[in-house]
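1. got a sequence here, can you model it:
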Amino acid sequence: MKQFFKFTLASFVGVIIALLFFSLIIISIAGAISSTNRQYSLKENSFLKISLSGELKEQSVENPFNLTIPGLPIDTKMKSQGLDDILSAISKAKTNDQIKGIYIEVKTLSTGFSSIEEIRNALIEFKESGKKVYAYGDTYDQREYYICSVADKIFINPQGMMNFCGLAATPVFYKGTLDKIGVKAEIFKVGTFKSAVEPYLNTKMSDASRLQTKEYIGGIWRHLLKEISAYRNIPMDELNVLANKNMLFQPTEELIKNKLIDSHLYKSDMRAFLAKESGVDDINDLKLVSVSDFLTVPEKSTKFMQDKIAILYAEGEIFDEGTEGIIRDDMISEIEKIKKDETIKAVVLRVNSPGGSAYASEQIWKAITDLKAVKPVVVSMGDYAASGGYYISCNANKIIASPNTITGSIGIFGTFFIFDRLADKVGLSFDVVKTNDMSDLGNLTRPMTEIEKHKIQNYIEKGYDLFVKRCSEGRKMDDQKLRKIAEGRVWTGEKALELGLVDELGGIDHAIKVAAKLGKVKNYRMVSFPEKKNFMTQIIEEFESKTKMHIALSYFGEEYTPLLKLKEAKIQTGILARMEDMDIH
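-> Now for the predicted structure:
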């Protein structure tokens, strides 16, 4: 009887989940249909409202209806924003006569330092129109503050807080977790600074890793200070003194006194301020238009342009197969589409990737090289273009990086996890029958032999030599000179320019202008590859992922908790060209 009720309850829950899922499908389709021709009716003296919140992606995720359901896996996707949308809206607002200015509402934005540079530079260009930019927040973190430092006025809630304390990098080490669950990491690498393997071997940073990390976060911090100093008129030395105090727990009066903030207001008073600036007497007449709404406002009719410049987005880790990140065959397919389209005169490859599979990186490199033979390719580096991300970039006609891009990391490693002790814990045992000495090479249920280790290390070294050769030929740099700055070492975009790893500093807009020049086109329109995933695809992928997770949990029980931590870390095995995960805050 107990089992009967158990299965009955499980069936009932399954039916409810299925009904909810299909209801979402119906709602999504209806929402997509109703939003296809949606146009926002823009009023005079409106403010474009940019909310610095959620996760910032290179491309926005299509969301046909503004709905969040707490607890469902689609929740985080709905909260993401596209850098492409924000930049497009700022550019469009600059020339729209009905937009009075830009209002930035600060919350918590999850992104890298190159992306905030892109938004900040777009705001600087917007201000050339003579329109104003105002910022308001209850709490400012350093990324959000850096964007807002170009605003005409920065406001904070009287009881608000501002985190201004310098940068820290906190890598995560998994060795203790692996030891706990009974997994041994066999690591093979080339490159003194290739620190991506350290989390599986050590419980703290090596001297080489500490040195390179200190240098690149120091370079980013100096750049932030220099730019904040220029717009807030505060000497860099004074900014560092304030950072040493850690301004997080300082009263807002201290923030104002030290010129970090202009004034404090409650949110209702901020709305009254904006109403006055827009020339309306009643606060209820204040018109704040969101980025998504503003992008639906029709453009003035323009002449049709046949020539195109393509933006090819390469965002995320590089995989041989899968559904998320840069998938080898999918990326090559997109490159082939661009290559065959004779109306596309030049390509901007937007790379925001820490790397991944070395094999997939080589295949994408070849496809980019073939594309370059037909039309110019300009790489625009985002937050990361490191290891495999640099591999697929190195042969472009031009490489343009942000000063804060994390790049380089020219090195290769291999990770293999031996599960014999874990298998023993859960009661699994294995045996083997083989015809030759190494027939079971790659069997991860037993320790590797010394001969196997030697063969894999040789393979890794050959992969490194090929990586160096690709970079050397692509950058037209002497092999030995490049090896001195390779070794898996990470650099900022600013330092990479000095070393010859990139050609210029700038954002994606600058890369588009360079591509147009190389493609010899003056009048062109932009097209993006790949096409944005529709909302239903996002839901189905998330639903599938959660289902697999629940099945694994039912099999492994308590042993799955540490495994889940490893899964969330997106650990890949095999031969990899990837930089380490690093939380910089």
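2. could you list the domains of the protein?
-> 46-65+74-165+246-294, 308-350+366-407+448-534 (automatic domain parsing).
3. I'd like those domains as CSV, with mean pLDDT appended.
-> Shown next, in CSV, are these (pLDDT from 0 to 100):
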stretch, mean pLDDT
domain 46-65+74-165+246-294, 93
domain 308-350+366-407+448-534, 96
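4. closest to Ser357 out of those domains?
-> Nearest to Ser357 among the domains of the chain is domain 308-350+366-407+448-534; the distance by Cβ to Cβ comes to 5.1 Å. Placement of C-beta: from N, CA and C, glycine included.
5. for Asp141, grab phi and psi.
-> In terms of degrees, to the nearest 10, the main-chain angles of Asp141 are phi -90, psi 170.
6. show residues contacting the strand or helix carrying Ser51.
-> Element membership for Ser51, per DSSP states H and E: strand 46-57. Outside strand 46-57, the residues within contact range by Cβ atoms under 8 Å, 6 or more residues apart in numbering are 76, 79-83, 86, 89-90, 93, 98-111, 115, 119, 137, 144, 147, 274, 277-278, 286-291, 294, 315.
7. how does it look with 6 Å?
-> 79-83, 93, 98-107, 109-111, 115, 144, 274, 287-290, 294 (Cβ atoms under 6 Å, 6 or more residues apart in numbering).
8. how about that strand: buried residues?
-> Applying a neighbour-count criterion of 16 or more other Cβ atoms under 10 Å, one finds 46-50, 52-54, 56-57 buried in strand 46-57.
9. pull the most distant pair out of the residues you listed.
-> The widest separation within the buried residues of strand 46-57 (Cβ to Cβ) is 26.0 Å, between Ser46 and Lys57.
10. please, which helix or strand holds Glu227?
-> Short version, using DSSP H and E: Glu227 is in helix 207-232.
11. re the thing from before, restricted to buried residues, select the contacts of strand 46-57 in ChimeraX.
-> Selection of buried members from these for ChimeraX, criterion 16+ other Cβ under 10 Å:
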select :80,81,82,83,93,99,100,101,102,103,104,105,106,109,111,115,144,274,287,289,294
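12. so of the contacts of strand 46-57, which ones are in strands?
-> 81-82, 99-107, 109-110, 288-290 (DSSP state E).
13. for Met305, state which of those residues is nearest.
-> Taking Cβ to Cβ as the measure, Met305 sits nearest to Gly82 out of the ones in strands among the contacts of strand 46-57, at 23.4 Å.
14. find the nearest non-adjacent residue to that closest one, please.
-> Residue nearest to Gly82 in three dimensions, not counting chain neighbours: Ser60, with 2.6 Å by Cβ to Cβ, 6 or more residues apart in numbering.
15. same thing with Lys522?
-> Ala516 is the one closest to Lys522 (Cβ to Cβ, 6+ apart), at 7.2 Å.
16. is it true that that neighbour lies in a helix?
-> Yes - counting by DSSP: H, G, I helix; E, B strand; the rest coil, Ala516 is found in a helix.
17. that one: neighbour count?
-> Residues contacting Ala516 under the criterion other Cβ atoms under 10 Å number 20.
18. swap in Lys43?
-> Lys43 sits with 12 neighbouring residues when counted by other Cβ under 10 Å.
19. just checking, it is part of a strand?
-> No - read with three-state DSSP, Lys43 is coil and lies in no strand.
20. hmm, Lys287 and it touching each other?
-> Yes - counting by Cβ atoms under 6 Å, Lys287 is a contact partner of Lys43 at 4.7 Å.
21. give me the common contacts of these two.
-> By Cβ under 6 Å, 6+ apart, no residue touches both Lys43 and Lys287.
22. ok, Ala196 touching Arg578?
-> Yes - Ala196 is within contact range of Arg578, at 5.4 Å (criterion: Cβ under 6 Å).
23. sorry, back to before: most widely separated two among the ones in strands among the contacts of strand 46-57?
-> Across these, the longest distance by Cβ to Cβ is 29.3 Å; it joins Lys100 and Ser110.
24. the helices in the stretch 351-500 of the chain, which residues?
-> Using DSSP state H, counting those that start in this stretch, the helices of the stretch 351-500 of the chain run over 358-372, 388-391, 420-425, 450-474, 479-485, 493-499.
25. in what helix or strand does the residue nearest to Gly82 lie?
-> Ser60 belongs to no helix or strand, assigned by DSSP H and E.
26. and the gap between it and Ile86?
-> As judged by Cβ to Cβ, to the nearest Å, Ser60 and Ile86 stand 9 Å apart.
27. cool, Ser409 as well?
-> For Ser409, the distance to Ile86 - Cβ to Cβ - is 28 Å.
28. one more: Leu242?
-> Counting by Cβ to Cβ, the separation of Leu242 from Ile86 is 28 Å.
29. likewise Lys259?
-> Counting by Cβ to Cβ - Lys259 and Ile86 are separated by 27 Å.
30. more neighbours, these two?
-> Between Lys259 and Ile86, Ile86 has the larger neighbour count (other Cβ under 10 Å), namely 22 against 14.
31. name the helix or strand for the more buried one, please.
-> helix 83-95.
32. could you check the angle that helix makes with strand 46-57?
-> Angle of helix 83-95 versus strand 46-57, following axes from the mean of the first three to the mean of the last three Cα atoms, to 10 degrees, is 160 degrees.
33. what does helix 83-95 rub up against?
-> With Cβ under 6 Å, 6+ apart, helix 83-95 has contacts from 48, 56, 58-60, 99, 115, 119, 122, 126, 129, 291, 294-295.
34. check stretch 454-471 too.
-> Counting by Cβ under 6 Å, 6+ apart, 188, 190, 358, 365, 394, 410, 412, 414, 482, 486, 575 sit against stretch 454-471.
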